[in-house]
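**Q** Quick one: sequence plus predicted model below, questions after.
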Amino acid sequence: MRAVRSAQPLPVRSLRNGPLPSWLLFACTLLGCALSMLPVATRAAERVDVALVLAVDVSESVDSARFTLQMAGIAAAFEAPEVQRAVLAGPNHAMLIALVQWSNHPNLSVPWTLLTSPEDVHAFAAQVRRLRRTEKGFTCMSVALRSIADKLLTQLPVPAGRTVVDVSGDGAENCNPREPVDAVRDDLVAAGVTVNGLPILEGDEADTLEAWYRAHVIGGDASFLIAAHGFEDFERAMRRKFITEISGHPEQAAAQFAGRR
């Protein structure tokens with residue numbers, strides 16, 4: 001069922017009575033606010049081919065320029081014709097997408113949004129370009145994945161053929177979490193979720209981050225990893241990754257990007 005318009009983003013920092021703590025705002029958003037903001041057509045849709053969560057690192061190492069490269073890269077990827085074709089190519093011709101910024105705490109920047117047409121995809125891309133950074137802090141991936149697992153994925157407005165969490169970042173977990181990233185990843189996989197990774201190989205961890213993502217982050221049916229060779233390469237890597245995630249066919253992405261870095 002075709003959505004008339006994309007869902008609008010929930011204000012993250014500017015509320016009438018002042019900003020709420022990020023953890024409270026995230027909980028409120030995931031437990032009801034995001035669902036109430038979805039268009040009626042989204043709630044009435046019967047099924048989507050894939051539900052995709054973009055979990056984007058905004059920790060201290062990601063400065064303003066790098067944040068802009070990430071958001072612009074995601075937007076440009078969804079503006080690419082090959083990605084739009086993948087969005088609409090499934091049997092239901094529809095997907096759900098949400099975007100979470102994470103560092104010390106996760107913040108839901110784009111709630112579940114239905115994409116059923118090129119216009120919906122372009123509207124989502126424009127929304128991502130307008131996003132503002134939520135906070136800076138440590139690389140608390142375990143906390144982010146746990147919140148996504150327990151609060152966001154439990155609020156799917158319609159059933160999905162596949163559920164995918166796409167984690168991108170330029171560093172390994174450094175928050176000394178109560179539960180390791182591996183344990184949260186394993187819980188997601190046990191629930192039928194695929195976790196894919198996009199490590200950004202830049203800075204002190206460039207030589208080791210890809211191996212860390214392979215060992216601790218990715219998992220589940222047809223899970224995979226595509227590395228970005230620095231923030232300038234983020235758009236290229238994200239576009240290739242979307243083709244694979246949305247279509248569910250790694251060979252399709254490999255063919256389309258043959259010969260590219």
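**A** Looks like it arrived, so ask away.
**Q** going forward, measure contacts between C-alpha atoms and count neighbours the same way
**A** Will do.
**Q** quick one, what contacts the nearest residue in space to residue 158 that is not next to it in sequence?
**A** Leaving aside its sequence neighbours, residue 158 sits nearest to residue 47 (Cα to Cα, 6 or more residues apart in numbering; 5.6 Å). Shown in contact with residue 47 (Cα atoms under 8 Å, 6 or more residues apart in numbering): 92, 94, 158-161.
**Q** same thing with residue 98?
**A** Neighbours of residue 98 in contact, by Cα under 8 Å, 6+ apart: 52-54, 108-113.
**Q** so how far is the longest helix along the chain from its chain's centroid?
**A** The single longest helix within the chain, with elements called by DSSP state H, is helix 64-79. Averaging C-alpha positions (Cα atoms, centre = their mean, to the nearest Å) puts helix 64-79 12 Å from its chain's average.
**Q** Only the buried residues of it, if you could.
**A** By 16 or more other Cα atoms under 10 Å, the buried positions in helix 64-79 come out as 66-79.
**Q** And the average pLDDT for the helix or strand following that helix is what?
**A** Going down the chain from helix 64-79, the next helix or strand is helix 81-88, by DSSP states H and E. For helix 81-88, mean pLDDT is 90.
**Q** What is helix 81-88 packed up against?
**A** helix 234-247 (3 or more Cα pairs under 8 Å, 6 or more residues apart in numbering; DSSP states H and E).
**Q** Which residues does the helix it packs on contact?
**A** Against helix 234-247 from outside (Cα under 8 Å, 6+ apart): 50, 69-70, 72-74, 76-78, 80, 82-83, 86-87, 89-90, 164, 198, 200, 226-228, 250, 252-253, 257.
**Q** Okay, and the most centrally placed residue in the chain sits in which element?
**A** Of all residues in the chain, the one closest to the mean position by Cα atoms, centre = their mean is residue 54, 0.2 Å from it. For residue 54, the element it lies in under DSSP H and E is strand 48-57.
**Q** got a list of contacts for that strand?
**A** 90-103, 139, 144, 158-170, 246.
**Q** who's in contact with stretch 204-219?
**A** The contact list for stretch 204-219, computed with Cα under 8 Å, 6+ apart, reads 167, 170-172, 181-182, 185-186, 189, 194-197, 199-201, 224-225, 227.
**Q** cool, stretch 165-182 as well?
**A** 52-58, 61-62, 138-143, 145, 193-203, 205-206, 209, 212-213, 216-217.
**Q** Over to it now: how far is its first residue from its last?
**A** 14 Å (Cα to Cα, to the nearest Å).
**Q** buried set for that stretch?
**A** Under 16+ other Cα under 10 Å, the buried positions of stretch 165-182 are 165-173, 175, 181-182.
**Q** Switch the residues you listed over to JSON lines; also include pLDDT and distance to residue 124.
**A** Formatted as JSON lines, these follow (pLDDT from 0 to 100; distance: Cα to Cα, whole Å):
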{"residue": "165", "pLDDT": "98", "distance to residue 124": "18"}
{"residue": "166", "pLDDT": "97", "distance to residue 124": "17"}
{"residue": "167", "pLDDT": "97", "distance to residue 124": "19"}
{"residue": "168", "pLDDT": "96", "distance to residue 124": "19"}
{"residue": "169", "pLDDT": "95", "distance to residue 124": "21"}
{"residue": "170", "pLDDT": "94", "distance to residue 124": "24"}
{"residue": "171", "pLDDT": "93", "distance to residue 124": "27"}
{"residue": "172", "pLDDT": "95", "distance to residue 124": "29"}
{"residue": "173", "pLDDT": "95", "distance to residue 124": "29"}
{"residue": "175", "pLDDT": "92", "distance to residue 124": "31"}
{"residue": "181", "pLDDT": "96", "distance to residue 124": "29"}
{"residue": "182", "pLDDT": "95", "distance to residue 124": "31"}
